[in-house]
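Student: Got a sequence here, can you build the structure:
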Amino acid sequence: MDTTDAYPVVETIDVTPRLRLLRFAVGQACLWRDAAGLTLIDAGAVGAARPIADAVRAWGHEPGDVRRIVLTHFHEDHAGGAGEFARLSGAEVSAHRLDAPYVRGEAVGPEPVHEDWERPLHAQALAQLPPRPADPVLPYYVRELDDGDVLDFGDGAHVVAAPGHTEGSIAVHLPRHGVLFTGDAIAASPLDGQVMLGVFNLDKERAIASYRRLAGLDSEVACFGHGDPVVGGAGAALRAAVARAHPTGTPASK
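Tutor: Predicted coordinates for the structure are as follows:
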């Protein structure tokens, strides 16, 4: 069964002239534009491939202009559409080496360790995702990344390990442009837009440490896996948010 158009883009946001955010019912992806082509950060769930392709065309490009797909982690709402879009576009798929086996379908990734208040939210999010096929389209190849790798886009895109949400979660930092893609390590609240720790984590202590690490990077723009981006003074906003919610020495349960 063809599932490549089952998960539509519900909103597009031009964050900067080179950065377009694609919002789905759950989660979002980002397109970054260089002179030599496009990069897709995360790929939505199963069924997002054709909607992403349509968004690429609406930006004046063709799907084949997308050179690479960089996945911030293996969860379905971020990586489920990677195989389909890679087949459609010819783009290379990349993920951290610890999450890559789950993206390739070689193993089933571990479930988050939910706090009680997160359980109904997680159930609600899962209900909005399309059913995963019994035989999903998986990437032919997944390039394995590690902390400190520098990728060939954005005048040098730095891979920043951000474990806690998953073991192999990463952020992508473009220091020449002051842009940070955090994946689900950080989020913006759907209620008031406040910057916050991402939810549904595997290890909350490590997630908070990653939040602090990302907040320490020099960024003007931050795009999250969920919620509105911060445009202007992003690094300062992240540092203020993490200091307010998670003061140094405060237990993770606080």
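Student: gap between stretch 15-31 and the chain center?
Tutor: 10 Å (CA atoms, centre = their mean, to the nearest Å).
Student: I misspoke; the intended subject was stretch 173-181.
Tutor: Relative to the centre of its chain, stretch 173-181 is centred 14 Å away, using CA atoms, centre = their mean.
Student: ok, and what's touching that stretch?
Tutor: If you take CB atoms under 8 Å, 6 or more residues apart in numbering as the criterion, stretch 173-181 is touched by 16, 18-19, 30, 32, 41, 72, 154-158, 160, 171-172, 214, 217-223, 234-235. Every residue, glycine included, has its C-beta placed from N, CA and C.
Student: From those, list the buried ones, please.
Tutor: The neighbour-count test (16 or more other CB atoms under 10 Å) marks 18-19, 30, 32, 41, 72, 154, 157-158, 160, 171-172, 214, 217, 219-223, 234-235 as buried among the contacts of stretch 173-181.
Student: now, which of those lie within strands?
Tutor: Taking DSSP state E, the ones among those that sit in strands are 19, 30, 32, 41, 157-158, 160, 171-172, 221-223.
Student: Pick out the residue closest to the middle of this protein.
Tutor: Nearest to the mean C-alpha position of the chain, by CA atoms, centre = their mean, lies residue 183 at 3.4 Å.
Student: That residue: what's it in contact with?
Tutor: Residues counted as contacts of residue 183 (CB under 8 Å, 6+ apart) are 42, 72-73, 78, 162, 165, 169-171, 198, 224-225.
Student: Grab the nearest non-local neighbour of it.
Tutor: Ranked by CB to CB, 6 or more residues apart in numbering and with sequence neighbours excluded, the top spatial neighbour of residue 183 is residue 72, at 2.7 Å.
Student: just checking, that neighbour touches residue 226?
Tutor: No - counting by CB atoms under 8 Å, residue 72 does not reach residue 226; the two are 11.4 Å apart.
Student: what sits in contact with each of the two?
Tutor: With CB under 8 Å, 6+ apart, residue 72 and residue 226 have common neighbours residue 184.
Student: Kindly check the end-to-end length of stretch 166-182 for me.
Tutor: Terminal residues of stretch 166-182 are spaced 13 Å apart (CA to CA, to the nearest Å).
Student: Stretch 17-34 too?
Tutor: 11 Å.
Student: Now that stretch: buried residues?
Tutor: Buried, per 16+ other CB under 10 Å, within stretch 17-34: 18-33.
Student: For the helix or strand bottoming out on mean pLDDT in the chain, buried residues please.
Tutor: The helix or strand of the chain with the poorest confidence is helix 118-127; it has a mean of 93 (mean pLDDT, DSSP states H and E). For helix 118-127, the neighbour count (16+ other CB under 10 Å) marks residue 125 as buried.
Student: Done for today, thanks.
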